[in-house]
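>>> any chance you could fold what I've pasted below:
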Amino acid sequence: MAIRNPFSGAVCFFVGETESTMVEARKLARRGSAAGSLVATDYQRAGRGRLTERRWESEAGANLLFTLRLDPAAASHRGLPLRVGGILCRAVGLYASRRSLRLPSLPLIKWPNDLLIGGRKAAGILCESKPAGEEAGVYLGIGVNCNQTVFPAPLSASVTSLALELGQPIDRWSLLELILDQLEAELSKASWREGVEELLWRRGESVRFRAGAPGIGEPIVGRLEGVDDMGSLLIRPDGEARSRPFASGEIILHEVEAS
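So this is what the prediction gives:
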């Protein structure tokens with residue numbers, strides 16, 4: 001792909017259709033591609049979400065779907081999915097401002113790995129790490145709803161796209177360049193918590209949170225206070241004096257999720 005990539009020696013490839021850009025990025029790694037290289041596609045037959053039972057569904061040719069491989073050392077970056085969420089928020093904001101467009105609401109990070117606009121999901125992040133071998137690296141799988149304007153009935157109330165929010169078609173590859181620029185700059189920073197917490201959805205509000213695996217255990221109700229140095233979510237349960245860190249779990253968006 002003839003797009004700007006700020007990572008030295010990195011390459012960008014496009015495939016029309018694939019099982020998953022994660023699979024393609026691992027192929028690139030085995031062929032010796034430099035860290036920062038990526039694979040983008042128009043359609044994934046088996047795109048995955050953070051949880052194995054969830055798939056990333058996307059209209060062919062409408063959205064931005066790619067995986068970028070970082071150096072294995074990137075695994076030491078604490079809170080990496082959250083930091084990438086902040087990168088997406090900033091890149092989307094820059095895209096809109098450079099075109100004199102206004103988003104109806106600020107893009108925010110839903111812990112641990114989603115971007116929301118107006119409380120509806122516009123992007124998701126999947127981070128995987130392989131510490132050694134031919135495929136060694138940290139893989140960032142990113143899906144941004146760009147130009148899709150119709151979603152399946154079960155998702156229509158909770159999902160949105162940049163085209164719907166901005167009122168015009170999105171140049172996917174210009175947005176990708178902005179994401180890469182923001183990512184390269186972010187990885188050089190030592191401090192990250194403050195920037196993430198400023199963009200954290202529902203911070204300072206009461207939330208329902210289910211710790212651990214989805215659908216297991218009773219939800220916790222409490223105040224979402226931020227994140228700790230490891231990227232865990234800090235919630236102060238109702239009736240308790242101090243916040244607790246949660247390394248896994250999910251904020252419950254709708255009452256149906258509690259059933």
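
>>> going forward, measure contacts and count neighbours with C-alpha atoms only.
OK.

>>> how about Gly79, what does it touch?
Gly79 is in contact with Asp229, Met230, Gly231, Ser232, counting by CA atoms under 8 Å, 6 or more residues apart in numbering.

>>> try it again with 6 Å
With contact set as CA atoms under 6 Å, 6 or more residues apart in numbering, Gly79 has these partners: Met230, Gly231.

>>> Pro81 now?
For Pro81, the contact set (CA under 6 Å, 6+ apart) comprises Asn113.

>>> let me know the secondary structure of it.
helix (DSSP: H, G, I helix; E, B strand; the rest coil).

>>> Glu218 too?
coil.

>>> report pLDDT for the closest residue to it other than its chain neighbours.
In this structure, Glu218 finds its nearest non-sequential neighbour in Arg210, 6.6 Å apart by CA to CA, 6 or more residues apart in numbering. Arg210 carries a pLDDT value of 93.

>>> each with direction, which strands does the host helix or strand of Arg210 pair with?
Per DSSP states H and E, Arg210 falls inside strand 206-211. Strand 206-211 has the following sheet partners, assigned by DSSP bridges: strand 220-227 (antiparallel), strand 249-251 (antiparallel).

>>> alpha carbons only: can I get that strand in CSV?
Output of strand 206-211 as CSV, limited to C-alpha atoms (Å, rounded to 0.1, in the frame of the first residue of the first chain):
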residue,chain,number,x,y,z
SER,A,206,-21.6,4.7,38.9
VAL,A,207,-21.3,1.6,36.8
ARG,A,208,-22.3,-2.1,36.8
PHE,A,209,-19.2,-4.2,36.4
ARG,A,210,-18.9,-8.0,36.1
ALA,A,211,-15.4,-9.2,37.0
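
>>> now do that strand: distance to the chain's middle.
When C-alpha coordinates are averaged (CA atoms, centre = their mean, to the nearest Å), strand 206-211 and its chain have centres 20 Å apart.

>>> other residues contacting it?
For strand 206-211, contacts defined as CA under 6 Å, 6+ apart pick out Pro219, Ile220, Val221, Gly222, Arg223, Gly249, Glu250, Ile251, Ile252.

>>> and if we set it to 10 Å?
Defining contact as CA atoms under 10 Å, 6 or more residues apart in numbering, one finds that strand 206-211 is touched by 216-225, 235-238, 246-255, 257-258.

>>> for ChimeraX, write the select line for the buried members of those residues.
Command for ChimeraX that selects the buried part of the contacts of strand 206-211, burial taken from 16 or more other CA atoms under 10 Å:
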select :219,220,221,222,223,224,225,235,236,237,246,247,249,250,251,252,258
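
>>> who's the most centrally placed residue in the chain bridged to?
Nearest to the mean C-alpha position of the chain, counting by CA atoms, centre = their mean, stands Ile125 at 2.8 Å. Judged by DSSP bridges, the bridge partners of Ile125 are Ile142.

>>> now do the same contact list for it.
Shown in contact with Ile125 (CA under 10 Å, 6+ apart): 48-50, 67, 81-82, 84-85, 88, 112-115, 140-144.
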